[in-house]
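> sequence first, predicted model second:
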Amino acid sequence: CLLSSPSCQIAQLKASKRNRGGCILTMRLPLALLALYNNNSTFAFVRSPKTLHPCLQSLSTSLVTNMSSPSTSSIESNLESVRSRVLSVCETAGRSADEICLVAVSKTKPLELLKKAYDNHQRVFGENYAQELISKAQDMPPDVEWHFIGTLQSNKANSLVKSVVPNSSSLTIETVASLKLANKLNNAMEAFEDRKLEIFVQVNTSGEESKGGVFPEDALALCQEITNSCTRLHLKGLMTIGAIGDLTCFNVLVKCRDEVALALDRSDLCLSMGMSGDFEEAIACGATHVRVGSTIFGAREYPVQK
């Protein structure tokens, strides 16, 4: 009935290259809806003006209720699907799946979904927000490996390290992009004499102002400074959040890693690149760590504005 109403003039259905077997549905309504179908689950992003027709209010409420997060029963199948895809691309690329660390990105997701993933042998989780990670680390089993993948303010480095390190198998900060932050993390680790904090240096491979990280030409200098002055940190590798659909960003990071590895005599440096929409392409380009969120846990939930 909505599609035939005067308030809905156009409905477009587009194939999504970034989601296998999926599609994006966009309806130009007083209410803007975006529904994403992925891996047999449907999710929705809803924005609504302050006043909506009652029919639209009902639709938006239904979408948010039914399409936001998968049930715990689907986490197992989602993980199995992702692991199968990792294995498949590794076989094609002539790599071992053991080389790939799957980071399950669980930002904004409830603990019950993380625990379901844990019950299905997932041990590495990624979070974007310091306080959320601190809270979850207290409630998840101590053998979980946490990766922080969001922008970390230097004034929160101390509390993040001292709260998470004692309650987890390991903590890795993937978004170090300044010596100032590295020094803050290094100082915080002084409280743990027998441990080092693993870090990735984040590289802005797309040149987008919205993306964090040092520019490729500055990556080596920062890696050298951290290696020389931050004795409580261990440089694990380089990380990037490339531009959507631009696979050349992966090649840029590979080149950066090769330059840093040569200069530091570190052939073991890792590559963290690739997310839900392109992790297979990232693995084919050499990724050792892939950050997969929505394909496992469903799209992030956004409250309907009233």
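That came through, no problem.

> now do the strands in the stretch 1-150 of the chain.
Taking DSSP state E, counting those that start in this stretch, the strands of the stretch 1-150 of the chain run over residues 11-15, 23-28, 32-38, 41-47, 101-105, 124-127, 145-148.

> lowest-confidence stretch among those?
Lowest mean pLDDT within the strands of the stretch 1-150 of the chain: strand 11-15, a mean of 31.

> pLDDT below threshold where in the chain?
1-71, 301-306 (pLDDT under 70).

> which helix in it runs the most residues?
When the chain is parsed with DSSP state H, its longest helix is helix 72-93.

> tell me which other helices or strands that one touches.
Applying 3 or more C-beta pairs under 8 Å, 6 or more residues apart in numbering; DSSP states H and E, we find helix 72-93 packed against strand 101-105, helix 111-119, helix 279-285, helix 294-297. Every residue, glycine included, has its C-beta placed from N, CA and C.

> now the second one - C-alpha only, CSV.
So the one you mean is helix 111-119. C-alpha atoms of helix 111-119 as CSV (Å, rounded to 0.1, in the frame of the first residue of the first chain):
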residue,chain,number,x,y,z
LEU,A,111,26.9,-9.4,25.3
GLU,A,112,24.6,-12.3,24.5
LEU,A,113,25.7,-12.2,20.9
LEU,A,114,29.4,-12.0,21.8
LYS,A,115,28.9,-15.0,24.1
LYS,A,116,27.2,-16.9,21.4
ALA,A,117,30.1,-16.3,19.1
TYR,A,118,32.5,-17.3,21.9
ASP,A,119,30.6,-20.5,22.3
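
> so which bits of it are buried?
Across helix 111-119, burial judged by 16 or more other C-beta atoms under 10 Å covers 113-118.

> can you check the third one too?
Neighbour counts using 16+ other C-beta under 10 Å place 279-280, 282-285 of helix 279-285 among the buried residues.

> what's the neighbour count on Lys236?
Lys236 has 23 neighbouring residues, counting by other C-beta atoms under 10 Å.

> so it makes contact with Phe200?
Yes - at 5.5 Å, Lys236 and Phe200 qualify as touching, with contact defined as C-beta atoms under 8 Å.

> all the helices of this structure, residue numbers only.
Under DSSP H, the chain gives helices at 54-67, 72-93, 111-119, 130-139, 157-164, 179-188, 216-229, 248-264, 279-285, 294-297.

> show me the contacts for Lys116.
72, 75-76 (C-beta atoms under 8 Å, 6 or more residues apart in numbering).

> most surrounded residue in those?
Result: Ile75 is most packed of the contacts of Lys116 (other C-beta under 10 Å), 26 neighbours.

> show me what contacts that residue?
113, 116-117, 120, 296-297.

> those: which two are farthest apart?
For the contacts of Ile75, the farthest-apart pair by C-beta to C-beta is Asn120 and Phe297; their separation is 12.3 Å.

> and these two? Which one has more around it.
Phe297 (28 against 17).

> next one: Glu76 from Lys136, what distance?
20 Å (C-beta to C-beta, to the nearest Å).

> quick one on the thing from earlier: would TSV of the helices of the chain with distance to Ile241 be doable?
Formatted as TSV, those follow (distance: least, C-beta to C-beta, whole Å):
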stretch	distance to Ile241
helix 54-67	25
helix 72-93	19
helix 111-119	22
helix 130-139	18
helix 157-164	20
helix 179-188	17
helix 216-229	14
helix 248-264	8
helix 279-285	11
helix 294-297	15
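
> so which of the ones you listed is the most surrounded?
helix 294-297 (a mean of 24; mean count of other C-beta atoms under 10 Å).

> how far away from the center of its chain is that helix?
In terms of C-alpha atoms, centre = their mean, to the nearest Å, the centre of helix 294-297 is found 10 Å from the chain centre.

> what do you get for stretch 228-235?
The answer for stretch 228-235 is 25 Å, by C-alpha atoms, centre = their mean.

> pull out the buried positions in it.
230, 232-233, 235.

> and the two most separated of these?
Applying C-beta to C-beta across the buried residues of stretch 228-235, the maximum distance is between Arg232 and Leu235, 11.8 Å.

> report the separation between the closest residue to Leu133 other than its chain neighbours and Lys136.
Nearest residue to Leu133 in three dimensions, chain neighbours excluded: Glu127, at 3.9 Å (C-beta to C-beta, 6 or more residues apart in numbering). Plainly put, Glu127 is 7 Å away from Lys136 if you go by C-beta to C-beta.

> and Leu114, by the same measure?
Leu114 is 7 Å from Lys136, by C-beta to C-beta.
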